[in-house]
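Participant: 3D, please:
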Amino acid sequence: MVPETRAQIGDLVRTMRLASRCSQREYAKLCGVSPRVLMAVEAGSTKVHVETLEKLLRPFSYRVGVVRTVE
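Facilitator: Modelled structure (predicted):
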């Protein structure tokens, strides 16, 4: 599975979780967040704090960053 370039955060997190073949409960435990938080992020029903997103990306060695575009 390859994430979309213009996908929502929840869709990207779900794609990564499914690629790891984990249930929501397993992935939440692996990331150190509650299953409820993971479910809300994947559903897009909550705003994601940077710290939480960092935790959700950690199993794939990704980090949150800001990239400046040159126009």
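
Participant: which residues are contacting the longest helix along the chain?
Facilitator: Ranked by number of residues, the top helix in the chain under DSSP state H is helix 9-19. Applying C-beta atoms under 8 Å, 6 or more residues apart in numbering, the contact partners of helix 9-19 are 1, 3-4, 7, 24, 27, 38, 41-44, 48, 53, 56-57, 59-60. Every C-beta, even on glycine, is put in place using the N, C-alpha and C of the backbone.

Participant: need the pLDDT of the residue nearest the centre of the chain.
Facilitator: Nearest to the geometric centre of the chain sits residue 13, at 3.1 Å (C-alpha atoms, centre = their mean). With respect to pLDDT, residue 13 scores 94.

Participant: same check on residue 3?
Facilitator: Value for residue 3, per-residue pLDDT: 52.

Participant: how about the helices in this structure?
Facilitator: With DSSP H as the criterion, the chain has helices spanning 9-19, 24-31, 35-43, 50-57.

Participant: would JSON lines of those with distance to residue 66 be doable?
Facilitator: Formatted as JSON lines, those follow (distance: least, C-beta to C-beta, whole Å):
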{"stretch": "helix 9-19", "distance to residue 66": "15"}
{"stretch": "helix 24-31", "distance to residue 66": "22"}
{"stretch": "helix 35-43", "distance to residue 66": "20"}
{"stretch": "helix 50-57", "distance to residue 66": "10"}
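
Participant: in the protein, where is pLDDT below threshold?
Facilitator: Along the chain, the parts satisfying pLDDT under 70 run over 1-5.

Participant: just to revisit the earlier point, list the buried residues for the longest helix of the chain?
Facilitator: 10, 12, 13, 14, 15, 16, 17 (16 or more other C-beta atoms under 10 Å).

Participant: ramachandran coordinates for residue 61?
Facilitator: Dihedral angles of residue 61 (phi, psi; degrees, to the nearest 10) stand at phi 60, psi 30.

Participant: ok, so what distance separates it from residue 18?
Facilitator: The spacing between residue 61 and residue 18, counted by C-beta to C-beta, to the nearest Å, is 18 Å.
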